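Novice: Give me a 3D structure for the following:
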Amino acid sequence: MFLKRVELQHELIPTYKKYPFSIPSIKNLHQLNFDNNVTFFVGENGSGKSTLLEAIADKCGFNTAGGGRNNYYNVPFSNSSLGEFIRLSWLPKVTDGFFLRAESFYNFATHIDEIGAEDIRVYNAYGGSSLHEQSHGESFLSLFLNRFRGKSIYLLDEPEAALSPQRQLSFLKIIHDLASEGNSQFIIATHSPILLGYPDATIFSFDEGTISEVEFEETDHYKITRYFLENRERFLREIFGD
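Specialist: Okay, here's the model as predicted:
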């Protein structure tokens, strides 16, 4: 692991009435310790998990629209509103890594094409061809397989967005291969019960107004998915009111 701790500098916050400090999990954050090289953030939309992940990416110097430290392009509303209020503690500090933001991945792929127009070798880090010439799922896996390497930190916001269940399993293998070498760290915001099933990972829940560590089987993602698969007809009758 490289990133050991995230601290919210409350003394710098002008008001808790405005976003993002109005989000309960952010407002109540003091410090979050990372004791595992694979960590997941879970919670409902709006719970603050992506907001904190984006702030960490900003503090790492990564493009908050997606990319690493050397990817310079602009996407409206991609700036972090929390980054300047957090402090990161490293041991040791790393500068290599990547921030994947699923919702703006199209813009990142366009950025790579612009660079590739001047130097085709750029595509070597993305499977040898334009990310736009691959399916959404293929482009994500090309990124993971070719761009990700050791001694780096990877911050991924809902990587399952473009991955089928089978490809999510392939992604788990990629995480395992990199993390087991001991020189890659992953922090992943996700809704996927498949990804959350990664063995021995730390899972932080952003629900209930605080950030707290939970077990895989305690997550709503696991409980709801299991209940649905085991009781599909009953579950559907309940939500349809039949």
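
Novice: pLDDT below threshold where in this protein?
Specialist: 72-79 (pLDDT under 70).

Novice: Which stretches in it count as strands?
Specialist: 3-8, 31-33, 38-42, 86-90, 97-101, 152-157, 184-189, 202-205, 212-214 (DSSP state E).

Novice: Bridged to the spatially most central residue of the chain, which residues?
Specialist: What sits nearest the mean C-alpha location of the chain, by Cα atoms, centre = their mean, is L156, with 2.4 Å. Beta bridges link L156 to L100, I188, judged by DSSP bridges.

Novice: quick one, longest helix in the protein?
Specialist: helix 165-179 (DSSP state H).

Novice: Which strands and helices lie in contact with that one?
Specialist: Applying 3 or more Cβ pairs under 8 Å, 6 or more residues apart in numbering; DSSP states H and E, one finds that helix 165-179 contacts helix 136-142, strand 184-189, helix 193-196. Glycine gets a C-beta too; all of them are placed from N, C-alpha and C.

Novice: quick revisit: surely the residue nearest to the centre of the chain and I188 touch.
Specialist: Yes - with contact defined as Cβ atoms under 8 Å, L156 counts as touching I188 (4.5 Å).

Novice: and R237, how far is that from N231?
Specialist: Counting by Cβ to Cβ, to the nearest Å, the separation of R237 from N231 is 10 Å.

Novice: For R5, give me its contacts.
Specialist: By Cβ atoms under 8 Å, 6 or more residues apart in numbering, R5 lies in contact with 31-34, 88-89.
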